[in-house]
Each structure stands twice: as structure tokens, then as C-alpha cells.
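Novice: Sequence below, structure please.
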Amino acid sequence: MLCRKDQNKKKADIGVNSVMKYYENQGYSCQDVSTDRKYIGYDIVANKEDKSLKIEVKCSKTPGGIPDSYPSEVDKNLGLVADYLCIVRLNGKEKPRAIDILSKVEVDKYYDKHRKVERIRWASRLKTDLKNQKAGKRVPIDDLF
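Specialist: Model prediction:
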């Protein structure tokens, strides 16, 4: 079984690949920039002639709703950094079934209704100490059965 981080990475890859395929079918050449720190706030750069689009991708198993965004994906006024927000709708087996596409104009029209919720990022030192067993307690799974 995949851990949550690996499951999220797998879903992210499915989403990015699905959106890239859609835009490539529309005549764009696409680049996955989701892991490149030079591109903050979006996952794909799509180019066609003299047009360049920044695209943020989210995945969801629900038919409606929009997954939360990270603070880096919005500007100080809670407007979308990207030109488009694409929500890939997945079925129960995590297969893409649809892509909802929202333009920046459509998303930003609701900026005054967006809520900013901070995420808690645990201290790197705590994570390192836990990994090195200087903090916390590790219980081997075998000891539980």
C-alpha cells in the first residue's frame, strides 16, 4: 500500500499528465514544471505560437468542489497566479473521467469569497530528530500483532 505522500504524488502525476494531453490535443506544446522551483504557483507551461499559458492542476474524486490551494498558488489578494485552474475528476479507481477548466478571470471573480487557511509545516529539525529516533517513539509493526 502506498503512503499518503506517494498516493498524492501519483494523483498529481495523473492530473498533470491528463491536462498536458488535453492541451497537446489543442495544439500546445507542454512542459511539466510542477517540481521546478523556478515556476511557483502552477504545474504546467503550455505554449502555442506566441501564446504562453500557466496552468495549475488539482485532482479530486468528488464530482464538484475544488481542492484547496497552497499560499504559493495565489497572490496577496487571493487571486490565482496561473492563467487557468484545471481540476481533474477521478473515478474510484483514480482514472481521469473529466477536466474542469477555470480561467483566472473566472476564479478571481470570487476573490472576496476565498478564505485563506494556513497549513502547519512541522519543523525540519523535529522531522530529522524523529527520523534519527532522538524524538518520539518508534514501535515496530511486528510488536503490535
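Novice: Can you show me the strands along this protein?
Specialist: For the chain, applying DSSP state E gives strands covering 29-32, 44-48, 51-60, 84-90, 96-103.
Novice: so which of these is the most packed in?
Specialist: strand 84-90 (a mean of 21; mean count of other C-beta atoms under 10 Å). Backbone N, C-alpha and C define where each C-beta goes, glycine included.
Novice: Who are the packing partners of that one?
Specialist: Where contact means 3 or more C-beta pairs under 8 Å, 6 or more residues apart in numbering; DSSP states H and E, strand 84-90 is packed against helix 4-25, strand 51-60, strand 96-103, helix 104-108.
Novice: follow-up on the earlier one: may I see the strands of the chain arranged in TSV, with mean pLDDT and distance to residue 11 as well?
Specialist: Formatted as TSV, those follow (pLDDT from 0 to 100; distance: least, C-beta to C-beta, whole Å):
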stretch	mean pLDDT	distance to residue 11
strand 29-32	98	15
strand 44-48	98	15
strand 51-60	95	5
strand 84-90	91	7
strand 96-103	89	10
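Novice: distance between the ends of stretch 74-92?
Specialist: 29 Å (C-alpha to C-alpha, to the nearest Å).
Novice: Residue 62 versus residue 95, what's the distance?
Specialist: 15 Å (C-beta to C-beta, to the nearest Å).
Novice: Centre of the chain to stretch 16-33, how far?
Specialist: The chain centroid and the centroid of stretch 16-33 are separated by 16 Å under C-alpha atoms, centre = their mean, to the nearest Å.
Novice: can you give me the end-to-end distance of that stretch?
Specialist: First residue to last in stretch 16-33 (C-alpha to C-alpha) measures 10 Å.
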